[in-house]
Every structure is written in structure tokens, then in C-alpha cells.
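Asker: Would you be able to build a 3D model of this:
(3 chains)
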Amino acid sequence: MIVRADLARHPADVAPALLGAVLTSTREDGQVAVRLTEVEAYAGVGEDPGSHAHRRRTPGNTTMFGEVGHLYVYFTYGMHWCLNIVTHADGLAGAVLLRAGAVIRGEPIARSRRPAATRDRDLARGPARLAAALGVDGSLDGVDLLDLASPVRLLPPQDAPTDASPAIRTGPRTGVAGPGAPTPWRFWFDGEPTVSPHRPAQPRGTPRHPAAADPRRPTG
DNA sequence: GCTGCGATTGACT
DNA sequence: GTCAATCGCAGCT
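Answerer: Numbers count the residues shown, from 1 in each chain, chains lettered A, B, ... in the order given. Have a look, this model is predicted:
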């Protein structure tokens, strides 16, 4: 049983404790459960340049400033949803990004939602893939993960800790550049095949499209 | 009002 | 390894 107080701490403290926890989503087409294998911590205003809440509260990040234990869902790259669990000490804004997991229940449903996945381990391998496998989008932003009646719920690890539990590893976060980049706030299970490949942040200022490329196309 | 870019992914070479 | 897809928001004018 996960209680609110477990999440009312700094996201960097909460994040490793969430590894192995189970996220379940119950949607119209069925229930899918995922065991978390990779997470990243994002702290609040001023403290963490990589966080959505770094600058100030906006309509888009309001959930991050709200009660801990709620789901923060954001839209990125014009097509992907990403899931976070709101966690912070009193009066701050913080969240743990759910980067990857292993589907432990409802695999056929997850597969139907992720037709591009060719292997089981790819069903929830990556933040947007995890959201897709669970069937979660922006309409579920702000739901209480600790409410029994919620469509998305957070449950403690189902297996008792044993010597065989995978070691937790840490490293710099994915896609975060600038002053906050070296902060080792990415946590994952060592050797887990569902952990997403780490991609270093792309340096800014180097145009990806050469000037010769004209975005206009002839009609056709 | 306009512009650039992002806590990404999948297809293609 | 490289690159296109696609849109809401922040920052600037």
C-alpha cells in the first residue's frame, strides 16, 4: 500500500523507491498493468532547469504544483503523451517521469495499442510508449493515483524484495541539457531489457536542417 | 501575432 | 546513424 506521505518528499528521493511499483490503468478496452523499470526525477521552481516547473506555474504544468500522488500528463512533440507522478515536499513542485516499464498484465491489450512494437519488451520501453501501452492521454491529467476508484492507480511492488531483486542504477537524465544535465536523477533496474536506451541531450544551436533545405513543396 | 523548440518515436539507409 | 512528423507553450515584438 502506497500512502500519500511516501510521495511527499523530494522527487529524487521518491524516484528510486518507485522502481518495481505497479501502475494499472483501466480503460474501456480493458486493464493493463506495468511494472516500472525506469524513472527520472524533476524538481521544482528554480532548483531544476530541466523541469517543466522550473520557471513558474503555467496552465500546462498546474498539476505539478498540486497534491502529491496525482498523475501529471503532458503532451510533447506534437504527438506523444508522457506520464509523471507528482511528488514533492510541502509547497514545492516536483514529479517523477515514468520512462519505461514491463507489461505484467493485459499484454494483448497493450499490444493492440502499440502495433509498432515488435517485441514484448518494447511495449512500454520509453515514456511515450508507456503512456500508449496504458492507454493514457491528457484527459487523465490530474487523476489521483491513490484513489481506489481512479482509472489509473499506483500499487506497491507485488514481489517481496529478495536478494534476486535487480540492482538500481543511476545516471544523467535523458534529453536534459544545460546546468541540470549532469544531475544523476535517472534511475533504472540494472540489466532490465525494458529500460529505454539512453540518448544524450542534443546540443543546441546546431541546425538540424541545412539552409539549403526549402520546407516549401510543390503542390501535388 | 509570430517563431522556435521540446522530459519522443518510428521509418529508413 | 539520420531524419521527419506535429502542436502547444514560452518568449519576443
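
Asker: Report the strands that pair with the longest strand seen in chain A, each with its relative direction.
Answerer: Taking DSSP state E as the criterion, chain A has its longest strand at strand A:30-42. Note on strand A:30-42: by DSSP bridges, its sheet partners are strand A:22-27 (antiparallel), strand A:95-105 (antiparallel), strand A:186-189 (antiparallel).

Asker: now these as a markdown table including distance to A:Y77, mean pLDDT and mean neighbour count?
Answerer: Just so you know, the C-beta spots here come from the backbone N, C-alpha and C atoms, and that holds for glycine as well. A markdown table is the format used below for the strands paired with strand A:30-42 (distance: least, CB to CB, whole Å; pLDDT from 0 to 100; neighbours: other CB atoms under 10 Å):
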| stretch | distance to A:Y77 | mean pLDDT | mean neighbour count |
| --- | --- | --- | --- |
| strand A:22-27 | 22 | 97 | 20 |
| strand A:95-105 | 15 | 97 | 25 |
| strand A:186-189 | 19 | 96 | 23 |
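
Asker: Tell me which of the ones you listed lies nearest to A:P11.
Answerer: strand A:95-105 (5.2 Å; CB to CB).

Asker: in the sheet, who's paired with the nearest residue to A:L97 once chain neighbours are set aside?
Answerer: Take A:L97 and drop its neighbours on the chain: the residue closest to it by CB to CB, 6 or more residues apart in numbering is A:E40, 4.4 Å away. Under DSSP bridges, the beta-bridge partners of A:E40 are A:L97, A:R186.

Asker: how many neighbours does A:R199 have?
Answerer: 8 (other CB atoms under 10 Å).

Asker: Sorry, slip of the keys, the one I care about is A:I168.
Answerer: 14.
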